[in-house]
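# Just need the structure, nothing else, for what follows:
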Amino acid sequence: LDLPSYEGRSYSERGLWWLVGDAGEAIQMIKLTGRSPENGSLKPGETDDEYQRTVRRSLKYVLWEGGSAGIVQRITDSFFTPFALVLKASAPQIGLLSAIPNFAGAVSQLAAPKLVALLGSRKRLLLLAVLLGVLVWLPIAFFPWIFGQTAVGWFLVLATLTLLLFQLPSPAWGSWVPQLVSHKHMGGFMAKRGILALVLSAGIALAAARWLDIMHNRIFLAFMVVFLVAAAFRLGSLLLFTRVYEPPSPGKPSSNTGLGAFLRTLPSTNLGRFIGYTMSLSFAANVAGPFFMMFMLQDLGFSYTTVMLLQMVGLGAHVVGLRFWGAFADRRGNLLVVKLTAPFAGVLPMLWLINQSVPYLMVVEVIGGLAWSGWQLCAVNFMYESSRPEDRTRTVAYFNAFNGAGVLLGALMGGFLAPFLPRIFAYSLMTLFLMSGVLRLAAAALLLFVKEVRETPQQLIAKHPLSFRFNIASTYGWPLPPRRNDRDK
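This next block holds a predicted model:
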């Protein structure tokens, strides 16, 4: 992480610095308050400098674990559906493959607060879930030799276990890691972690797709290697998380944060209305989301490499978008980014109706990567900001459970309708894409009832009597990369 000065780097190194940023800079974003032996933040005899070093070292592991987890998630998202198609899965079964695992993983998070209390720490829950997740990848890798070459039902069971164990500790992670980074720097830190995950997962996914094309005559052996790679990187996550420091829990959750109380206040609170919006968008997006891969492989006849190249173009745009939106959100607020990107996410499936050539779809993927990068980053960060630290484990669980319900209902609806849709366009699945786009735009209207929860630097500037003296770039939050000498002052 000790990088040379910006001025001394080659042009390629400067480009990489702009995308990923100085990891050391991300670690410097830490701002912890209230550290003392009495509240458990400092151990007896431990100095503040020693504590800061411990946290900085932990955040380095959190950054690199993001790369390992990103690779596992990319393999899950990009290769489960192709493997199911090799197993002769039908369109309704593809819908179930998206609906049931994601819903099970989301609902399982409702048990996370009780599991944390039972195990005694958030870290223990995460390590246990990751360890079990490593073990589940092994029967997936050797699936054809254990369950046969057409056992779609058993693959659905294993996929559900994989997603369940991957998502189960999310509330614990969402309560644990944000304690190490201040709210005003959360966007930048999470963007850097996301960029690292996308860069590493993109290279692995593209290599895996090329490997599948080369080994198309021995496709089950090829998938075995891909899934074993996922198991290895999940093991890497386990090893990295064993070295991450867990600060003391911020306190007991309030007594009125149970699921029943949360449901009663859902329409009347700002966070509740926001969760209603994200659930609606999850439903709308997954009416068509699980079937884009099927559409490209079966209807358009693309190779694995072509499909993955399209995804990599989108991921490249996602990386650039994260770098921009993270800095923009820190200045202007997360909710503004969600509102700016929601309409673009809405029209995306409709763009597939215009043309299906590879160059055109690359442009569509760029638009999607830029839009979804801002939306996904800032929707989660807005949820963190809208919840109290002592209630955050439960809030994250509710947030993900409601969105999982949206995924379930949307994918089930899409899978049910897919075989019966009229062929209004060149392919029947394109009618499903049109429906998804209309529903996404309708969901965006719910953002009118959600308000920003924190005062951004730009709002503070606007209140200053000499605010007209600030330059335009600062006022509007454009993340112009500063010179290294200026950053060091």
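
# residue ranges with poor pLDDT in the chain?
Residues of the chain meeting the criterion pLDDT under 70: 1-48, 182-187, 250-258, 454-489.

# Closest to the centroid, which residue in it?
Geometric centre of the chain, nearest residue: residue 376, 6.3 Å, by C-alpha atoms, centre = their mean.

# Mind telling me what element that one is part of?
In the assignment (DSSP states H and E), residue 376 maps to helix 358-386.

# for that helix, which positions count as buried?
The neighbour-count check on helix 358-386 (16 or more other C-beta atoms under 10 Å) flags 361-362, 364-386 as buried. The C-beta positions use only the backbone N, C-alpha and C, and glycine is treated the same way.

# The stretch 51-200 of the chain: helices as residue ranges?
91-108, 112-119, 122-141, 143-147, 152-167, 170-176, 183-214 (DSSP state H, counting those that start in this stretch).

# Of these, which stretch is the most buried?
By mean neighbour count, with neighbours taken as mean count of other C-beta atoms under 10 Å, helix 170-176 ranks first of those at a mean of 25.

# which helices and strands sit right next to the helix holding residue 376?
Secondary-structure packing of helix 358-386 (3 or more C-beta pairs under 8 Å, 6 or more residues apart in numbering; DSSP states H and E): helix 183-214, helix 270-288, helix 304-332, helix 334-351, helix 392-417.

# what's the closest of the ones you listed to residue 110?
helix 392-417 (5.1 Å; C-beta to C-beta).

# which parts of that closest one are buried?
In helix 392-417, counting by 16+ other C-beta under 10 Å, buried: 392-415, 417.

# name the helices or strands packed onto that helix?
helix 91-108, helix 112-119, helix 170-176, helix 259-265, helix 270-288, helix 358-386, helix 429-444.

# Looking at those, spot the one closest to residue 188.
Closest among the helices and strands packed on helix 392-417, using C-beta to C-beta: helix 358-386, at 10.1 Å.

# quick one: that closest one to helix 334-351, angle?
150 degrees (axes from the mean of the first three to the mean of the last three C-alpha atoms, to 10 degrees).

# Taking helix 183-214 as reference, get the angle to helix 358-386.
150 degrees.

# Can we start the residue count at 6 from this point?
Okay, residue one is now 6; in that scheme the one you just asked about reads as helix 363-391.

# Wait, residue 130 touches residue 122, no?
No. Using C-beta atoms under 8 Å, residue 130 is not in contact with residue 122, being 9.7 Å away.

# what's next to stretch 236-250, contact-wise?
Stretch 236-250 has contacts (C-beta atoms under 8 Å, 6 or more residues apart in numbering) with 59-60, 62-63, 66-67, 69-70, 73-74, 76-77, 128, 131-132, 135-136, 138-139, 142-143, 146, 185.

# picking that back up, export the helices and strands packed on helix 397-422 to TSV and append columns for distance to residue 304.
Formatted as TSV, the helices and strands packed on helix 397-422 follow (distance: least, C-beta to C-beta, whole Å):
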stretch	distance to residue 304
helix 96-113	11
helix 117-124	40
helix 175-181	34
helix 264-270	41
helix 275-293	13
helix 363-391	13
helix 434-449	7
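
# and residue 215, which of these is closest to it?
The closest of those to residue 215 is helix 363-391. By C-beta to C-beta, the value is 16.0 Å.

# if we can go back for a sec, can you put the helices and strands packed on helix 363-391 in a markdown table and add distance to residue 442?
Formatted as a markdown table, the helices and strands packed on helix 363-391 follow (distance: least, C-beta to C-beta, whole Å):
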| stretch | distance to residue 442 |
| --- | --- |
| helix 188-219 | 25 |
| helix 275-293 | 8 |
| helix 309-337 | 17 |
| helix 339-356 | 4 |
| helix 397-422 | 13 |
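
# closest one to residue 97 among those?
It is, among the helices and strands packed on helix 363-391 and with distance given as C-beta to C-beta, helix 397-422, at 4.3 Å.

# any idea how far that closest one is from the chain center?
In terms of C-alpha atoms, centre = their mean, to the nearest Å, the centre of helix 397-422 is found 14 Å from the chain centre.

# got the angle between it and helix 157-172?
Inter-element angle recorded for helix 397-422 and helix 157-172: 160 degrees (by the same axes, to 10 degrees).

# Okay, angle between helix 397-422 and helix 117-124 too, please.
Using the same axes, to 10 degrees, helix 397-422 lies at 130 degrees relative to helix 117-124.

# how much space between residue 436 and residue 428?
According to C-beta to C-beta, to the nearest Å, residue 436 stands 7 Å off from residue 428.

# which one of those two has more residues nearby?
residue 436 (18 against 10; other C-beta atoms under 10 Å).

# and that one, what does it touch?
For residue 436, counting by C-beta under 8 Å, 6+ apart, the contacting residues are 426-430.

# would you list these in JSON lines and tack on distance to residue 264 and secondary structure?
Listed next are the contacts of residue 436 as JSON lines, based on distance: C-beta to C-beta, whole Å; DSSP: H, G, I helix; E, B strand; the rest coil:
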{"residue": "426", "distance to residue 264": "36", "secondary structure": "coil"}
{"residue": "427", "distance to residue 264": "41", "secondary structure": "coil"}
{"residue": "428", "distance to residue 264": "43", "secondary structure": "coil"}
{"residue": "429", "distance to residue 264": "41", "secondary structure": "coil"}
{"residue": "430", "distance to residue 264": "42", "secondary structure": "coil"}
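
# quick check, nearest of these to residue 268?
So of the contacts of residue 436, ranked by how close each gets to residue 268 (C-beta to C-beta), first place is residue 426, at 33.9 Å.

# surely the closest one meets residue 434?
Yes. Using C-beta under 8 Å, residue 426 is in contact with residue 434, at 7.4 Å.

# of these two, who's got more company?
A direct count of neighbours by other C-beta under 10 Å for residue 426 and residue 434 places residue 434 higher, at 22 against 16.

# Could you check how many residues crowd around the residue lying closest to the more buried one once chain neighbours are set aside?
Excluding its sequence neighbours, the residue lying closest to residue 434 (C-beta to C-beta, 6 or more residues apart in numbering) is residue 300, at 4.9 Å. Here the number of neighbours of residue 300 (other C-beta under 10 Å) works out to 19.

# Could you look up the SS state of residue 300?
In three-state terms, and counting by DSSP: H, G, I helix; E, B strand; the rest coil, residue 300 is helix.

# what sits against it?
Contacts of residue 300 (C-beta under 8 Å, 6+ apart): 357, 432, 434.

# what does residue 307 give?
Taking C-beta under 8 Å, 6+ apart, we find residue 307 in contact with 301, 315, 363.

# out of the residues you listed, who's nearest residue 234?
residue 315 (21.1 Å).
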